[in-house]
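Trainee: got a predicted structure plus its sequence, pasted below:
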Amino acid sequence: MSISCETINELNSKARIIRRHIVEMIAEAGSGHPGGSLSSADIVTALYFHVMNVDPQNPHWPERDRFVLSKGHAAPLLYAVLAEKGFFPKEELLTLRKTGSMLQGHPDMKSTPGLDMTTGSLGQGLSAANGMALAAKLDNKSYRVYVVMGDGELEEGQIWEAAMTSAHYKLDNLTAFVDNNGLQIDGPIQKVMSPENIQEKFKAFGWNVIDIDGHDMKQILEAVEEAKTVKSRPTVIVAKTVKGKGVPFMENQVGWHGKAPSLEQVKEALQSI
Amino acid sequence: MTKIATREAYGEALAEIGEEIKDIVVLDADLSGSTKTAIFAKKYPERFFNIGIAEQDLMGTAAGLATCGKIPFASTFAIFATGRAFEQVRNSICYPKLNVKIAATHAGLTVGEDGATHQSIEDLALMRTLPNMTVINPADAVEAKKAVRAAAAHEGPVYLRFGRLAVETIFEEDSEFEIGKGKILREGNDVAIIATGIMVGEALKAAEILEKSGLKAMVINIHTLKPIDEEIILKAAECGAIVTAEEHTIIGGLGSAVAEVLAEKKPTPMKRIGIKDKFGQSGKPEELLKLYNLTAEDIVKAAKEIKR
Ligand SMILES: Cc1ncc(C[n+]2csc(CCOP(=O)(O)OP(=O)(O)O)c2C)c(N)n1
Ligand SMILES: [Mg+2]
């Protein structure tokens, strides 16, 4: 499948809109996680605006593709994408983290239309995605399951329990992404607790592995298409990313993992995006 | 009378109901022979998933299946289901209120020889603290089967507690079972014995013994610890003295649940029969029950003490 320049351009401008939402939402909330939301922004935008088969009018449509944000702290990203996609009004975005909001600090599938799974406790999303992929196989349904994990998150033991399960049950309808931004909370993953070599680990667990630049729309889309052709094995797309991508003063700064920008900083950020 | 373990009844019930409810899927963590899910696995191999020795993944995978309309029964030993995977049960199952049934076997001291590492004595307390969770602890094989059926019909997370030890069957096949409803098994007005699980049999024996010394004991079976049947507890309180009995730590289980109701609605003198904030140990189940003061005689002693 060839991907047109037009598609790429559209997705890139959509991702810019999403990034603006992320910065504004977190600033308004006064707390939240900009770094990891920005680093996964291109991946999740590509999935919802080009790849996944979903119906904003019917969020529980049984045939829909599923998405699990295993790194649930990137909730602002997912909320922005769901709102832009039409699952709920964009005005809701500025209620993030406020009392009574449908947008909880971490994804709550019971509160927000379009969410397929509740996450926030790292390490649990891949197991849930496996369950969804198993259900598709049982029911002979053609929907696919996508999951995004953090690179620091790979330090959780449950990820590797689940990685065994995906391969054991030959879940070729499952595509996982690792947002390989190289940072976690306490510093670079290499310093805190290196999960490297990520690619070789997944290979050893029986997965098909694809390496991409996680900010290159063309590479994201091509990798997803390639994953669809792989039989009897799950695919993991290890996406090299920049934490805070798109906001120069946040890029590669560990301090911007979980901090809200000031009004001044928001202005500066929106200008750069 | 033939003795049957509640885990045995669980395995049989699951295979039976599996025929009627096609959405039921079963997951186990390398203990299917012991938890008795192997019966279902043999009958419906395509609906059975062995997740291996990975209890956290077991719960998470069950959660994912539930989001797609399946009714997963996830089984392993009670200690691993509620201990190792507690936070998965909390965040991936209870918080999103997913329709997962956690069917745990080998609960309590009566695991026996395997000893303290395998004797779950705090599972009821842990599961009771979770919002959206229903907690059921059947007393015998008949009740266990009914509980499995009721859990499958109930929408939302359920914790089912089963034992390893073969126990006497107390209930008739046609006895009623409703989640959240306790049952008076024997009328009396001097003291009320409120029991759960395998202690229900001991409570009935205790009532017989008490009768001989002139005390009429009401015996109540509480199979559902959450939601707890407040009405029946308040009725029991009319006796003016209550003894609770459970094969579980006295912290956070049935005794606590009953005390919570009484303290707020009708303070009543009570004693709790249960494991007194200690770990278990290896031994024959019957010997351990004696050693940890979980017998009819212990219930009798407690009843007499409050009545003094
Ligand atoms: C089980 C668990 N432990 C700790 C946390 C706190 N926490 C939130 S984000 C984070 C770091 C995540 O790093 P990474 O997975 O690399 O995410 P990213 O860099 O993409 O933001 C931690 C430790 C958590 N949410 N869940
Ligand atoms: Mg990271």
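Mentor: It's in. Ligands and ions are numbered 1, 2, ... in the order given.
Trainee: now the helices: where do they sit in chain A?
Mentor: Here chain A has its helices, by DSSP state H, at A:5-29, A:34-39, A:41-46, A:75-85, A:125-138, A:157-168, A:189-192, A:198-204, A:217-229, A:263-272.
Trainee: helices or strands next to the fifth one in the packing?
Mentor: For helix A:125-138, the elements it packs on are strand A:66-69, strand A:145-150, helix A:157-168, strand A:174-180, helix B:55-67, judged by 3 or more Cβ pairs under 8 Å, 6 or more residues apart in numbering or on different chains; DSSP states H and E. Backbone N, C-alpha and C define where each C-beta goes, glycine included.
Trainee: just the first one next, same as before
Mentor: Contacts of helix A:5-29 with other secondary structure elements, assessed using 3+ Cβ pairs under 8 Å, 6+ apart, are made with helix A:34-39, helix A:41-46, helix A:75-85, helix A:217-229, helix A:263-272.
Trainee: and the angle for the longest one with strand A:174-180?
Mentor: By that I understand helix A:217-229. Angle, helix A:217-229 to strand A:174-180, by axes from the mean of the first three to the mean of the last three Cα atoms, to 10 degrees: 150 degrees.
Trainee: tell me the angle helix A:217-229 makes with helix A:5-29.
Mentor: Using the same axes, to 10 degrees: helix A:217-229 against helix A:5-29 is 100 degrees.
Trainee: I'd like the helices and strands packed on helix A:5-29 as a markdown table, with distance to residue B:7 appended.
Mentor: Listed next are the helices and strands packed on helix A:5-29 as a markdown table, based on distance: least, Cβ to Cβ, whole Å:
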| stretch | distance to residue B:7 |
| --- | --- |
| helix A:34-39 | 44 |
| helix A:41-46 | 44 |
| helix A:75-85 | 41 |
| helix A:217-229 | 41 |
| helix A:263-272 | 58 |
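Trainee: pick the most deeply packed of the ones you listed.
Mentor: Highest mean neighbour count among the helices and strands packed on helix A:5-29 (mean count of other Cβ atoms under 10 Å in any protein chain shown): helix A:34-39, with a mean of 30.
Trainee: do that one and ligand 2 meet?
Mentor: No. Shown here: helix A:34-39 not in contact with ligand 2 (Cβ under 5 Å from the ion), separated by at least 6.3 Å.
Trainee: and the closest residue to chain B within the stretch 1-150 of chain A, how close does it get to residue B:58?
Mentor: When scored by Cβ to the nearest Cβ, the stretch 1-150 of chain A has residue A:131 as its residue closest to chain B, at 2.1 Å. Look at residue A:131 and residue B:58: by Cβ to Cβ, to the nearest Å, they are 10 Å apart.
Trainee: kindly report the residues of chain A close to ligand 2.
Mentor: A:150, A:151, A:152, A:181, A:183.
Trainee: quick one: buried ones out of those?
Mentor: A:150, A:151, A:152, A:181, A:183 (16 or more other Cβ atoms under 10 Å in any protein chain shown).
Trainee: can you give me the helices for the stretch 101-250 of chain B?
Mentor: Under the criterion DSSP state H, counting those that start in this stretch, the stretch 101-250 of chain B contains helices at B:123-128, B:141-153, B:199-212, B:230-237.
Trainee: coming back round to it: out of the helices of chain A, which gets nearest to ligand 1?
Mentor: Ligand 1 lies closest to helix A:34-39 among the helices of chain A, at 2.4 Å (Cβ to the nearest ligand atom).
Trainee: hmm, back to that, isn't the residue of the stretch 1-150 of chain A closest to chain B right next to residue B:68, touching?
Mentor: Yes. If you go by Cβ atoms under 8 Å, residue A:131 and residue B:68 touch, sitting 7.3 Å apart.
Trainee: with neighbour numbers in mind, choose between these two.
Mentor: The neighbour comparison of residue A:131 against residue B:68 (other Cβ atoms under 10 Å in any protein chain shown) goes to residue A:131, with 35 against 21.
Trainee: which pLDDT value goes with the more buried one?
Mentor: For residue A:131, the pLDDT comes out at 98.
Trainee: and the one 5 residues further on, by the same measure?
Mentor: In this prediction, residue A:136 carries a pLDDT score of 98.
Trainee: once you drop chain neighbours, what's closest to whichever residue of chain A sits closest to ligand 1?
Mentor: Per Cβ to the nearest ligand atom, residue A:150 is where chain A lies closest to ligand 1, at 1.9 Å. In space, and not counting its chain neighbours, residue A:150 is closest to residue A:71: 3.9 Å by Cβ to Cβ, 6 or more residues apart in numbering or on different chains.
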